[in-house]
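Asker: Provided below are the primary sequence and the corresponding predicted coordinates.
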Amino acid sequence: MKSRLAAALGTFLSFYLLLATPVHLAQADVVNVIGTWSGSELKDFQDVVSPWEKKTGHTMAFVSTRDLNAVLTTRLEAGDPPEMAILPNPGFMYELAGNGKLVALDTILDMNRIKKDYARTWLDLGRYQGKLYAIFYKASSKGTIWYSPKNFKAKGYSVPKTWEEMITLSNTILSQGGTPFVIGAESGAATGWPLTDWIEIIVLNQFGPEIYDKWVNHEIPWTDPAIRRAFETLGKIVHTQGYVYGGSVGVLATNFINGTYVLYTTPPGAYMNYLGGFAQGFIKKQYPNLRPGEDYAFFPFPTIDPRYAGGVTGGADVIVLTKDTPGARSFIRFLSTPKAQEIWAKKGGFIASNKSVKLDTYPDAIAKQMALQLANAKIFRFDGSDLMPAEVNDSFWKATVEYVNNPAGLEKILKYAEEVAMEAYEK
């Protein structure tokens, strides 16, 4: 009897303890993320993350820094990596993958779905030595020339489809007392980068992706005839009298943000502005009453060589895993889905790299047009200077500034850029 009572008591106590002890079917992780986003960008991203946190029980802790490369490198070397990093370009990603600091995603993601959702271009950019290390998330086009459809219509101007047509249009505008272009190259210590965007998209459209890739990877020198010709092609605009708002002096004195406003004054200070898709944000903030697609719009960078028609340069934020945990795996699977990109796309200021995101997700005609441009680009290349070593990138900025100031010195300018590149790529 005593033994039966003892057994019953033991069973009761075990059952009681089982009920009293919380049961966790899965460990909830804190996923530490490091990136450059802050302010409204970070708030929008947190809105993206919220449904994932509620569904999984995992949470995200985001550290924002403008010195991302240095901070992340320090943490990796100290053996204290975050679970995830969001890099502004793939150059650093290749370096980290080469040093064995990243987690390959091929066995973490459903690659059949990934291949369906992402264009081959994005997947190729995310690979290193055959393995997928990155998902591209917040994309941007740099194949955009901004203009006012109303101003064009008032003057009877047609959107140019080729470089020759754009030059003809520029001559027409000039003959009627207008200024064809505004180019804002001033950006503090980074002055010149908007000009490098010009050179990059000219190289791609004039000489094709093979030459572009060789140049970016320093397999051809900066003194190569193709690169010299690209500078001279830009020179046909910046050095033609009357073509640019403020002349060549105005190019270097006009801030890249302020330059976007010039098209929408009365009368317009200029009629065209080549700048990345992010320019829409500047226009909307300065002129909230302008209607996208009617009062302001963009046309694709015009064809230079028909063999490379539709060549687009651009960028995207790069999501990588630096530490493998269940929470990190769950998070990157979520971020790679159309749903995670649609949440931000609906808010505006976001172009999805996931091609399964529906066009009606985007809030206006401009965003839809940009999404289509990236999804349908026959030739796409990442912003070249973002893939180059930092020293080369800096010398590129300086080279474009020097060229605007002194076109006769182009040979010397390119020789100096090549000297910097030779030293940088040997490291």
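Answerer: That came in fine, so what should we check first?
Asker: Check which helix or strand Gly95 maps to.
Answerer: For the record, residue 95 is Glu, not Gly. Element membership for Glu95, per DSSP states H and E: helix 90-98.
Asker: So for the following helix or strand past that helix, what gets flagged as buried?
Answerer: Note on helix 90-98: by DSSP H and E, the next helix or strand toward the C-terminus is helix 111-117. Across helix 111-117, burial judged by 16 or more other CB atoms under 10 Å covers Ile114, Asp117. C-betas here are computed from N, CA, C, even on glycine.
Asker: What average pLDDT does helix 111-117 get?
Answerer: For helix 111-117, the mean per-residue pLDDT is 96.
Asker: ditto for stretch 133-147
Answerer: The pLDDT scores in stretch 133-147 average 96.
Asker: so what's Leu132 bridging to?
Answerer: Arg127 (DSSP bridges).
Asker: Could I get the contacting residues of it?
Answerer: Neighbour list for Leu132: Ala104, Leu105, Asp106, Leu109, Met111, Ile114, Leu123, Gly126 [criterion: CB atoms under 8 Å, 6 or more residues apart in numbering].
Asker: so which of the residues you listed comes closest to Ile304?
Answerer: Of all those, Ile304 sits closest to Leu123, with 27.5 Å by CB to CB.
Asker: which SS class is that closest one?
Answerer: Secondary structure, DSSP: H, G, I helix; E, B strand; the rest coil: Leu123 is helix.
Asker: Let me see the backbone angles for Asn190.
Answerer: To be clear, residue 190 is Ala; Asn isn't right here. phi -100, psi 20 (degrees, to the nearest 10).
Asker: What residues of stretch 100-113 count as buried?
Answerer: Buried, per 16+ other CB under 10 Å, within stretch 100-113: Lys101, Leu102, Val103, Ala104, Leu105, Ile108, Leu109.
Asker: Switch those over to CSV; also include distance to Tyr118.
Answerer: Putting the buried residues of stretch 100-113 into CSV (distance: CB to CB, whole Å) gives the following:
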residue, distance to Tyr118
Lys101, 23
Leu102, 18
Val103, 18
Ala104, 16
Leu105, 12
Ile108, 15
Leu109, 10
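Asker: The residues you listed: which two are farthest apart?
Answerer: Lys101 and Leu109 (18.9 Å).
Asker: Report the mean per-residue pLDDT for the helix holding Glu95.
Answerer: In the prediction, helix 90-98 has an average pLDDT of 91.
Asker: try stretch 282-290
Answerer: 94.
Asker: Quote the end-to-end distance of that stretch.
Answerer: Stretch 282-290 has an end-to-end distance of 12 Å (criterion: CA to CA, to the nearest Å).
Asker: chain center to it, what's the gap?
Answerer: Relative to the centre of its chain, stretch 282-290 is centred 22 Å away, using CA atoms, centre = their mean, to the nearest Å.
Asker: residues in contact with it?
Answerer: Trp146, Ile257, Thr260, Tyr261, Tyr264, Pro292, Asp295, Tyr296.
Asker: Could you export stretch 257-276 as CSV, CA atoms only?
Answerer: Provided in CSV are the C-alpha atoms of stretch 257-276 (Å, rounded to 0.1, in the frame of the first residue of the first chain):
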residue,chain,number,x,y,z
ILE,A,257,20.4,67.5,-54.2
ASN,A,258,19.9,71.1,-55.1
GLY,A,259,20.5,70.3,-58.7
THR,A,260,17.3,68.2,-58.7
TYR,A,261,15.2,71.4,-58.0
VAL,A,262,16.4,73.3,-61.1
LEU,A,263,14.1,71.5,-63.5
TYR,A,264,11.0,72.6,-61.6
THR,A,265,11.4,76.3,-61.2
THR,A,266,9.5,78.9,-63.4
PRO,A,267,11.0,79.2,-65.9
PRO,A,268,13.0,76.0,-65.7
GLY,A,269,16.8,76.5,-65.0
ALA,A,270,17.4,73.3,-67.1
TYR,A,271,15.5,70.5,-68.8
MET,A,272,17.3,67.3,-67.9
ASN,A,273,19.2,65.9,-64.9
TYR,A,274,21.0,62.5,-64.9
LEU,A,275,20.8,61.2,-61.3
GLY,A,276,19.9,57.9,-59.7
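Asker: which residues touch that stretch?
Answerer: Against stretch 257-276 from outside (CB under 8 Å, 6+ apart): 140-142, 144-148, 151-152, 157, 166, 170, 173, 178-184, 194, 197-198, 244-245, 254, 256, 279, 282-283, 286-287, 290, 295-296, 301, 314-315.
Asker: rewinding a little: can you give the distance of the helix holding Glu95 from its chain's centre?
Answerer: For helix 90-98, the distance to the chain centre is 16 Å (CA atoms, centre = their mean).
Asker: for that helix, which positions count as buried?
Answerer: Buried-residue list, helix 90-98, by 16+ other CB under 10 Å: Pro90, Gly91, Phe92, Met93, Tyr94, Leu96, Ala97.
Asker: Can I get that helix in PDB? Just the C-alpha atoms.
Answerer: The C-alpha coordinates for helix 90-98 follow below in PDB (Å, rounded to 0.1, in the frame of the first residue of the first chain):
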ATOM      1  CA  PRO A  90      28.900  43.800 -52.800                       C
ATOM      2  CA  GLY A  91      32.600  44.700 -52.800                       C
ATOM      3  CA  PHE A  92      33.000  44.200 -49.100                       C
ATOM      4  CA  MET A  93      30.900  41.100 -49.300                       C
ATOM      5  CA  TYR A  94      33.400  39.500 -51.700                       C
ATOM      6  CA  GLU A  95      36.200  40.300 -49.400                       C
ATOM      7  CA  LEU A  96      34.400  38.800 -46.300                       C
ATOM      8  CA  ALA A  97      33.500  35.700 -48.200                       C
ATOM      9  CA  GLY A  98      37.000  35.300 -49.400                       C
END
